[in-house]
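Novice: My questions concern the predicted model and sequence given below.
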Amino acid sequence: MYCEDGKVFVEKEDQCMSCKNFKKGVECPLLQALGLGMVSLDGVMYVTNCGFYLENKRHLKLVDHDEEIKDEKNI
Ligand code: SF4
């Protein structure tokens, strides 16, 4: 994570990439504080153990196409 020209950039190394708060955009206290200029960030910081982290669980799952066909045909 780093700031440039008043914008906050999150990188793939940051825990934020799988965080529900980041996916929703505005629900992260750290990103809000950085965005509003209440705190500043010099250089690069990787978020690894954030107390506000909420895992973003995916609700989509891969479907086994062959199994579906067997189910449809009652094989
Ligand atoms: S709550 Fe923590 S892990 Fe989640 S987006 Fe904010 S800084 Fe990143």
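Specialist: It's in. Since we're looking at a predicted model, the values are computed, not measured.

Novice: Could you list the contact residues of the chain toward the ligand?
Specialist: Taking Cβ under 6 Å from any ligand atom as the criterion, the neighbours of the ligand within the chain are 15, 16, 19, 21, 22, 28, 30, 31, 47, 50, 52, 53. (C-beta placed from N, C-alpha, C; glycine too.)

Novice: Correct me if wrong: the third one contacts residue 50.
Specialist: Yes. Residue 19 sits in contact with residue 50 when judged by Cβ atoms under 8 Å, with a separation of 7.3 Å.

Novice: Neighbour count: the two, which is higher?
Specialist: residue 19 (21 against 16; other Cβ atoms under 10 Å).

Novice: Which residue comes closest to that one once chain neighbours are left out?
Specialist: Excluding the flanking residues, the one nearest residue 19 by Cβ to Cβ, 6 or more residues apart in numbering is residue 53, at 5.3 Å.

Novice: What pLDDT is listed against the one you found?
Specialist: pLDDT for residue 53: 95.

Novice: Could you report the distance from it to residue 43?
Specialist: Computed as Cβ to Cβ, to the nearest Å, the residue 53 to residue 43 distance reads 22 Å.

Novice: And for residue 52?
Specialist: 21 Å.

Novice: likewise residue 29?
Specialist: Distance from residue 29 to residue 43, by Cβ to Cβ: 21 Å.

Novice: More neighbours: these two, which one.
Specialist: Neighbour count, other Cβ under 10 Å: between residue 29 and residue 43, residue 29 has more, with 12 against 6.

Novice: number of nearby residues for residue 69?
Specialist: For residue 69, using other Cβ under 10 Å, the count is 10.

Novice: for residue 16, same thing?
Specialist: Using other Cβ under 10 Å, residue 16 has 23 other residues around it.

Novice: Might you report the residue contacts of it?
Specialist: 1, 10, 22, 28, 31, 47, 50 (Cβ atoms under 8 Å, 6 or more residues apart in numbering).

Novice: tell me which of those is nearest to residue 70?
Specialist: Of all those, residue 22 has the smallest distance to residue 70: 39.4 Å, by Cβ to Cβ.

Novice: All good on my end, thank you.
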